[in-house]
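# Sequence and predicted model, in that order:
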Amino acid sequence: MRPTGRRRPGEGTRPALPGRGQVGHGRPRRQRLAGPRHRAPSDGRRDGRRHRRGPGRRAAVTGPSVPRWAVVSGNGDYDHLEELPCVAKDLDVMADLLARLGYEAPHRVSGCTAQGLRKELADWAAAEGDRGDGVLVLYYTGHGDRSSDDRHYVLCQDSRPGLLKGTAVATEDVVGIVTETGLRRLLLILDTCYAGQGAVDAVRELARSLTATRDADQHRLTSFSVIAAARPLELAADGAFTEAFRDAVDDPTLGGPRQRKLYVEQVVDRVNDLLAATSPGQHATFGTLSGDEVALLPNPRYSPDVPEEGVDLAEQGVALSPEGRRRREEWLSHFGPRGRGLE
């Protein structure tokens, strides 16, 4: 039986099997797939935590103003599998990071049965009716496994190895549930073993769906990317990916104050640089099916007040002074709406 537990840092990795859809070799560069420990509640409800940005940190300024939602979900306690002690911390880290990137206070889901996870996601999708104008980041951490027909499943509290179709949730179904009410922009982040297979499944299913509905469905996805913590045949170390992802997003070399968004490819490359030191043998991958002008990963260092390159120091000082900011705000409030034909 295939081991389902996530590898702990420092443990050996399972050797890759040839001919099973492994994505790339070595450090992937342009891979296209095409707090405290606690026991989470067992009824699939949120645990009531609120995550706030740390002192001195502000939410990212992101260009086009759209609603931004985040769902952070996972399981650390299982009825039939080993516990994963880092899951609670992973959820905390990701919730704090997404809040800093300008997403609403993340909807947190943990300790779910398979049916409980389906219901939580469906309830979230239906809570505000049409979510077509916004962006969702959906993060899942915990055990993951592949079925005999090479489908990826996220394992829930009551999941049983070898009985995945009846006791776990297929990754492509997770995507289908949250997009059923018209969501048009989605970033899926999978932090499980064999997560790369889940990325393949999600991209393949969405590509099939888009082909079938391209002319008929105005609410189809217009922007979709997926980040996987491990390749299709790799185990994922407990707790390794989330810290690497946070540190990659916070790396100033990936985007300075003039850059509105971070590029998924560059973030994943940086994650792999960090994983090489903390979890050798684990390689994050990514896939992008489509995109638009709205950033899935806003740059937390972006500042619209920073003058363009080439402006001398004296002019920069004026522009960044309180008086300069006031004049800029007046100009935008007066001429901006008129220039867009709104006045």
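Sure, I can see it.

# Next, count neighbours for the nearest residue to residue 289 once chain neighbours are set aside.
Nearest residue to residue 289 in three dimensions, chain neighbours excluded: residue 224, at 4.5 Å (Cβ to Cβ, 6 or more residues apart in numbering). For glycine as for every other residue, the C-beta is placed from the backbone atoms N, C-alpha and C. Using other Cβ atoms under 10 Å, residue 224 has 25 other residues around it.

# Mind listing residues that contact whichever strand or helix holds residue 224?
Assigned by DSSP states H and E, residue 224 falls within strand 223-228. Around strand 223-228, the neighbours that count as contacts under Cβ atoms under 8 Å, 6 or more residues apart in numbering are 33, 135, 184-190, 195-196, 198-199, 202-203, 206, 245, 264, 267-268, 284-292, 294, 296.

# Keep only those of those that are in strands.
Among those, the members found in strands (DSSP state E) are 135, 185-190, 285-290.

# which of these are buried?
Neighbour-count burial (16 or more other Cβ atoms under 10 Å) applied to these gives 135, 185-190, 285-289.

# so where's the stretch 201-343 of the chain shaky on pLDDT?
For the stretch 201-343 of the chain, residues meeting the criterion pLDDT under 70 lie at 209-219, 306-343.

# Helices along the stretch 1-150 of the chain, start to end?
87-100, 114-126 (DSSP state H, counting those that start in this stretch).

# I'd like to know which elements the longest one is packed against.
Contact here means 3 or more Cβ pairs under 8 Å, 6 or more residues apart in numbering; DSSP states H and E; on that basis helix 87-100 packs against strand 68-74, strand 107-110, strand 135-141, helix 240-249.

# The shortest one too?
In terms of contacts (3+ Cβ pairs under 8 Å, 6+ apart), helix 114-126 is packed against strand 68-74, strand 107-110, strand 169-170, helix 171-179.

# hang on, residue 69 packs against residue 136?
Yes: the pair residue 69 / residue 136 is scored as a contact, 4.9 Å apart, by Cβ atoms under 8 Å.

# thinking residue 230 is in contact with residue 198, fair?
No: Residue 230 is beyond contact range of residue 198, at 9.8 Å (criterion: Cβ under 8 Å).

# joint contacts of those two?
Common neighbours of residue 230 and residue 198 (Cβ under 8 Å, 6+ apart) are residue 192.
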